[in-house]
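J.: Here is a sequence with its predicted model. Questions after.
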Amino acid sequence: MTDFQNSYGRLARFYRTLAMSLALISSGMALAAAAGETVPDKNGKLANKVALITGAGSGMGREIALLFAKEGAAVVVADIDGISAGKTAETIRNARGQALAVTADVTREQDVSRMVDTTVSTYGRLDILVNNAGIFDMLVPAGEVTDELWDRVIATNLTGPMRVIRKTLPVFEKQNGGVIVNTASIAGYTGARGGGAAYIASKHGVIGLTKNVAFNYKDKNIRCNAVAPGRVETGIRANSEKLARSQTLHDVTISRWKDIENAVTAGYVTNRRKASPDEIAKAVLFLASDDASFVNGSILTVDGAWTAY
């Protein structure tokens, strides 16, 4: 056999091996896609970033986590429901992404500290914080809200994000920068549509907190913005019913979630459909990425023109 034939044979075997390897990779990507998983993009918008996302076990938080992982970030999936957090993290890892599940209740100071410390000790840094954990108040008005319900909603929706931000800011300052995205709501703009007294007060507070952090830390290369969704297909109903644990006369009047849905959408004449969680996730991705490098202290409304009416 000639040298040419030997070289040709080796080259042919090389290309056959390469073709088989590419086929296996392609097959793995196809299987991941079929399972609803997303293969990370090493050149994505969040490549080499580390993101901590609260309330990431379901709904918007889960979609944010999956999208961030797809865009190249290592994601810490934090949720009060550890099983849901684990499932989200597993989905990311099955698609060859980096993810860690942490069980945490943002109303507990020790959980907040452990969540942030675990992120930094595992990945060596923290670049993006998404404060997404939240509960609803079933539209209970001020005259009927109990102290228990009020305290729980404010603790989860407003005090919780403040505590996570307070714990995260020293990390960002040490790293010379970072990004915070808070989940507000169109309820933070109004006095009636979108929630009851506690929920509306909490979301007004989130908007104020967002602007205050943005202004006070702008010179330290720290950005803080918020997304304000309208109606979204999420699991906030189940979370609210489980966490609020409050019964009032108003709960009897609006005894079924469908009634609450109808009350929330009163005056919603421009677009009655709900946003899908991935539509909100894309807005959060923009605010978290370098595409929004000069966006600071802003509230990005994603409500299908609800508040335009």
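T.: Received it, and whenever you're ready, just let me know what you need.

J.: hey, where'd the helices end up in this structure?
T.: 3-34, 59-70, 82-94, 109-123, 147-154, 160-175, 197-217, 236-244, 249-253, 257-264, 277-288 (DSSP state H).

J.: now for the last one, which elements pack on it?
T.: It refers to helix 277-288. helix 59-70, strand 128-131, strand 178-183, strand 222-229, strand 299-302 (3 or more CB pairs under 8 Å, 6 or more residues apart in numbering; DSSP states H and E). To be clear about C-beta, it is placed using only N, CA and C from the backbone, and glycine gets the same treatment.

J.: Disregarding flanking residues, what is the spatial nearest neighbour of Glu233?
T.: Lys274 (4.8 Å; CB to CB, 6 or more residues apart in numbering).

J.: Wait, that neighbour touches Arg231, no?
T.: Yes. In this structure, Lys274 is within contact of Arg231 by CB atoms under 8 Å, at 4.4 Å.

J.: which one of those two has more residues nearby?
T.: More crowded of Lys274 and Arg231, by other CB atoms under 10 Å: Arg231, with 20 against 16.

J.: Lowest average pLDDT across the helices of the chain?
T.: When the helices of the chain are ranked by mean pLDDT, helix 249-253 comes last with a mean of 43.

J.: Return the most buried member of the helices and strands packed on helix 277-288.
T.: Ranked by mean neighbour count, these are led by strand 128-131 with a mean of 29 (mean count of other CB atoms under 10 Å).

J.: Which residues does that strand contact?
T.: The contact list for strand 128-131 (CB atoms under 8 Å, 6 or more residues apart in numbering) reads 46, 49-54, 56, 61, 64, 68, 73, 106, 160-161, 164-165, 168, 178-183, 206, 284, 288.

J.: Am I right that Thr210 is in contact with Gly297?
T.: Yes. Counting by CB under 8 Å, Thr210 touches Gly297, with 6.8 Å between them.

J.: Overlap in contacts, these two.
T.: By CB under 8 Å, 6+ apart, the residues touching both Thr210 and Gly297 are 224-225.

J.: more neighbours, those two?
T.: Legend: neighbour count by other CB under 10 Å for Thr210 and Gly297, higher for Thr210 (27 against 15).

J.: gap between the more buried one and Gly86?
T.: 30 Å (CB to CB, to the nearest Å).

J.: do Ala192 as well
T.: Per CB to CB, Ala192 is found 38 Å from Gly86.

J.: The two - which one has more neighbours?
T.: Neighbour totals were compared for Ala192 and Gly86, and Gly86 leads with 18 against 14 (other CB under 10 Å).

J.: show me the contacts for the more buried one.
T.: By CB under 8 Å, 6+ apart, the neighbours of Gly86 are 77, 101.

J.: Next one: Gln110 from Ser84, what distance?
T.: With CB to CB as the criterion, Gln110 and Ser84 are 21 Å apart.
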